[in-house]
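A.B. asks: Sequence plus the predicted model coming up.
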Amino acid sequence: MFITNDCLVSYHEAEKIMVIQKVGAVLDRIGLESVRSSPLSVLFILFSVVVIFFASQFPSGDGVGPSFFPIAVSVGIIFFAAIDVLTGSDTELEMSEFDFGPAAVVAAFLVGYVLLMPALGFLVSTMLFMPVVLYYSDIRSKLLVVALSIGFPVALFYIFGRIFLVRLPEGIIPVSRLLPQLPLVVTF
Amino acid sequence: MVVEYISQALVNLADPFVLLLMIGGIFLGILMGSIPGMTATMTIAVLLSFTFTMEPSQGMILLLGIYGGAVYAGSIPAILIRTPGTPSAAATIFDGYPLSQKGEAGRAIRVSTIASFVGGVISVFALMFFSPVIADAALRFRSPEFFALAFFGLTIIASVSGDSLTKGMVSGLLGMLVATVGIDPVTGFHRFTFDIPELLTGVEFIAVMIGLFGIAEGLRKYSQGINSGNDRVDQEISGVFPSLSDLRSIAPVSVGSGVLGSFIGAIPGAGGDIAAFITYNEATRWLKDSIPSFGEGNVRGVAAAESGNNASTGGALIPTLTLGIPGDSVSAILIGALLVHDVNPGPGLYQEEPVLLYTIFVGFLLIYVFILIFGLLGANYWARLINIPKSHIWPVILVLCVIGAIALRGNVFDAWIMLGAGVLGYAMRLRGYPLAPMVLGLILAPIAEENLRRSLVLSGGSPSIFLTSPIALVIILLGLGAIALPAVRSIRA
């Protein structure tokens, strides 16, 4: 029995088909489902590609230049994140216990707080932030809300600004300067 | 020499302000440690900015007080409501909660206090004894060895933290990537600064830590429901001292767990949680025939876990102070606190700041003495702290996160970095990424990069320099092993 050319070709083709099938299977696994099950890993891979693009434009120094380390680290991220996507190890999650709504709302409050800080200063913006978050955290005792919203920022102001001498934003109108100095001279 | 340093340290510690900071730190630590969800790492990250204007030794005493107090107090809710106050108290539940169900919560807390003290003190002695030896050996380290150490630190933490090795590695590498922002130390080139002046000196990594451990945890708590899981404790805890028979039965296991816990704590990346699980497991192996058996309310189980996790605190400081490689996420933040004061943790610290080091050692010892006293006298009050509703505490912590970030440089820009890190950390935690490797990556990246590049300059660009230094080679191989072992194990499974 001898192998004809035809047979050889078909043997190669069979091998090719097998390879294509394998690649297809892998692609299927990386497909939409994996992207959906490991969105962060995919995001990190894309991010690393962008980093490599930027870093590759850095000037080369003597020997290992400034671009080497960021590129090496990014390649590492792509490698490990790709394994994560391929193995789909993202699937076992405790997501059902979580409700993103409240986290998004609190994050939005925080963004507002930091946005207001430069204009209103630390004291006023904290006095605005506290009651909003306290109310959102289901605290209905008016006394508690008022006490925490006024007492806490004022206490922080004295602790940071007067005892530990850490500078905090005063805002356009420095309301905090109206607060009396500490009655006691604290010197250590 | 040592006697001189110790006496100088005692003079530093005799300052009423320092004692006040120490006791205040312990109280804060006990408060936060008693409340589930508030970890030692978070408390230290959030309160770090208070220490900027202090002397380095004063700041360290405050932060170490919080550290010891929180790791100790984590056992209280573990015993009373079956929820660890800090992750390191998870193993305390096994025997602590059954004791509490039998109405013996007080006994469990007293045993836990004694064991925490024993473990903590042993670990501080381990720290005092081993640090000079390691620092001395490390003085001969040059760039290749330091690169190897940084590499090892990253791989081992990725392999021990969390369930997924790949996620741990991604988290650590992301931290390293963030650390490359700013002026390149070798060429002066501006990397990823996008003409933002605040980024020239790099991303303020303490801001990132506050975001990762404060905001991310807060957002997580809000998505679970801010008032969910509020447990009430009504059990009255009376008595102060443990009985003599309890003391006798826990003495050997406390000492053994203290020694073992110190060593585990000293491994970069292995913190109190891992230490406690291992010491508890060893106790069940060695003392098989205990009555009652482990898991059914054996005080020795509580002692093993609590001695183990507190021992990891002093142990974690060994690589932190001698090599500049953090032993866990708390010590990573402590490195940040020292760097703010221009104190560079590493083998040179013994020559540059011996008094600071001995103030830390003696101070940490004193902290454990105070924890013993407060723990025994105040158990009944600490147990009540669990009743504080989370909804009262989180708004306060959110404000402290924002203020803490701004206070770093007096700049609102850092608050944005902090919030960004918080949102990223929240998303990563939901997806099962451990955050501790990221912090390690942030700290280790500059060490790794600088020493890698310096090594290659020394060798004229040839990577063989890492093979010709036997120490570097062994450390790099250990690091590779740390990734390879779990990978092989998971493939087999």
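C.D. replies: It's in.
A.B. asks: which SSE is the residue most central in space within chain B in?
C.D. replies: In chain B, the centroid-proximal residue (Cα atoms, centre = their mean) is residue B:330; its distance is 3.0 Å. For residue B:330, the host element (DSSP states H and E) is helix B:329-340.
A.B. asks: quick one: that helix near chain A?
C.D. replies: No - shown here: helix B:329-340 not in contact with chain A (Cβ under 8 Å from any Cβ of the partner chain), separated by at least 11.9 Å. C-betas here are computed from N, CA, C, even on glycine.
A.B. asks: Name the residues of that helix that come out as buried.
C.D. replies: Buried residues in helix B:329-340, counted by 16 or more other Cβ atoms under 10 Å in any protein chain shown: B:329, B:330, B:331, B:332, B:333, B:334, B:335, B:336, B:337, B:338, B:340.
A.B. asks: Likewise for stretch A:143-160?
C.D. replies: Those would be A:145, A:148, A:149, A:152, A:153, A:156, A:157, A:158, A:160, for stretch A:143-160 by 16+ other Cβ under 10 Å.
A.B. asks: mind listing what the residue in the stretch 251-400 of chain B that chain A sits nearest to touches?
C.D. replies: Of all residues in the stretch 251-400 of chain B, residue B:391 sits closest to chain A, at 3.8 Å by Cβ to the nearest Cβ. Applying Cβ atoms under 8 Å, 6 or more residues apart in numbering or on different chains to residue B:391 gives the contacts A:134, A:137, A:138, A:139, B:226, B:227.
A.B. asks: Among these, name the buried ones.
C.D. replies: Neighbour-count burial (16+ other Cβ under 10 Å) applied to the contacts of residue B:391 gives A:134, A:137, A:139, B:226.
A.B. asks: Next, give me the two most distant ones among these.
C.D. replies: Using Cβ to Cβ, the two most remote members of the buried ones among the contacts of residue B:391 are A:134 and B:226, lying 10.5 Å apart.
A.B. asks: tell me which parts of the stretch 51-200 of chain B are close to chain A?
C.D. replies: So far as Cβ under 8 Å from any Cβ goes, the stretch 51-200 of chain B lies against chain A at B:52-54, B:164, B:166-167, B:169-170, B:173-174, B:176-177, B:180, B:184, B:186-187, B:189, B:191-192.
A.B. asks: ok, of those, which come out buried?
C.D. replies: Applying a neighbour-count criterion of 16+ other Cβ under 10 Å, the buried members of those are B:52, B:54, B:164, B:166-167, B:169-170, B:173-174, B:176-177, B:180, B:184, B:186-187, B:191-192.
A.B. asks: circling back to that earlier point, ok, so of the contacts of residue B:391, who is nearest residue A:99?
C.D. replies: Relative to residue A:99, and with distances defined as Cβ to Cβ, the nearest of the contacts of residue B:391 is residue B:226, at 11.0 Å.
A.B. asks: Where does the closest one sit: helix, strand or coil?
C.D. replies: State at residue B:226, reduced to three classes by DSSP: H, G, I helix; E, B strand; the rest coil: coil.
A.B. asks: List phi and psi for it.
C.D. replies: phi -60, psi -30 (degrees, to the nearest 10).
A.B. asks: Please tell me how far it sits from residue B:93.
C.D. replies: Distance from residue B:226 to residue B:93, counting by Cβ to Cβ, to the nearest Å: 24 Å.
A.B. asks: Check the burial of the nearest residue to residue B:56 once chain neighbours are set aside by counting its neighbours.
C.D. replies: Excluding the flanking residues, the one nearest residue B:56 by Cβ to Cβ, 6 or more residues apart in numbering or on different chains is residue B:341, at 4.1 Å. Other residues near residue B:341 number 17, with proximity taken as other Cβ atoms under 10 Å in any protein chain shown.
A.B. asks: Also residue B:65?
C.D. replies: Using other Cβ under 10 Å, residue B:65 has 26 neighbouring residues.
A.B. asks: cool, residue B:136 as well?
C.D. replies: Neighbour tally, residue B:136, other Cβ under 10 Å: 12.
A.B. asks: What residues sit buried inside the helix or strand harbouring it?
C.D. replies: Per DSSP H and E, residue B:136 falls inside helix B:105-138. Residues of helix B:105-138 classed as buried by neighbour count (16+ other Cβ under 10 Å): B:105-128, B:130-131, B:134-135, B:138.
A.B. asks: now it: mean pLDDT?
C.D. replies: Mean per-residue pLDDT for helix B:105-138: 92.
A.B. asks: next structured bit after it?
C.D. replies: Later in the chain than helix B:105-138, the nearest helix or strand by DSSP H and E is helix B:143-160.
A.B. asks: helices or strands up against the helix or strand just after that next one?
C.D. replies: For helix B:143-160, the following helix or strand on the C-terminal side (DSSP H and E) is helix B:165-179. If contacts are counted by 3 or more Cβ pairs under 8 Å, 6 or more residues apart in numbering or on different chains; DSSP states H and E, helix B:165-179 sits against helix A:39-55, helix A:68-87, helix B:143-160, helix B:205-210, helix B:436-458, helix B:470-492.
A.B. asks: Would you format these as CSV with mean neighbour count, mean pLDDT and distance to residue B:3 included?
C.D. replies: Output for these, formatted as CSV (neighbours: other Cβ atoms under 10 Å in any protein chain shown; pLDDT from 0 to 100; distance: least, Cβ to Cβ, whole Å):
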stretch, mean neighbour count, mean pLDDT, distance to residue B:3
helix A:39-55, 18, 90, 53
helix A:68-87, 21, 88, 45
helix B:143-160, 26, 83, 31
helix B:205-210, 28, 89, 36
helix B:436-458, 24, 87, 33
helix B:470-492, 15, 82, 32
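A.B. asks: can you list contacts of stretch B:484-493?
C.D. replies: By Cβ under 8 Å, 6+ apart, the residues outside stretch B:484-493 that reach it are B:159, B:165.
A.B. asks: Alpha carbons of it, as CSV, please.
C.D. replies: Output of stretch B:484-493 as CSV, limited to C-alpha atoms (Å, rounded to 0.1, in the frame of the first residue of the first chain):
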residue,chain,number,x,y,z
ALA,B,484,4.6,27.9,39.5
LEU,B,485,3.5,25.8,42.5
PRO,B,486,-0.1,27.1,42.7
ALA,B,487,-0.3,27.0,38.9
VAL,B,488,0.8,23.3,38.7
ARG,B,489,-1.6,22.5,41.6
SER,B,490,-4.5,24.1,39.8
ILE,B,491,-3.7,22.4,36.5
ARG,B,492,-3.6,19.0,38.3
ALA,B,493,-6.9,19.7,40.0
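A.B. asks: Tell me how far it lies from the chain's centre.
C.D. replies: Distance, stretch centre to chain centre, for stretch B:484-493: 27 Å (Cα atoms, centre = their mean, to the nearest Å).
A.B. asks: same deal with stretch A:65-73?
C.D. replies: 22 Å.
A.B. asks: what do you get for stretch B:368-387?
C.D. replies: 21 Å.
A.B. asks: likewise stretch B:441-460?
C.D. replies: Counting by Cα atoms, centre = their mean, stretch B:441-460 comes out at 25 Å from the chain centroid.
A.B. asks: Could you measure from residue B:428 over to chain A?
C.D. replies: 7 Å (Cβ to the nearest Cβ, to the nearest Å).
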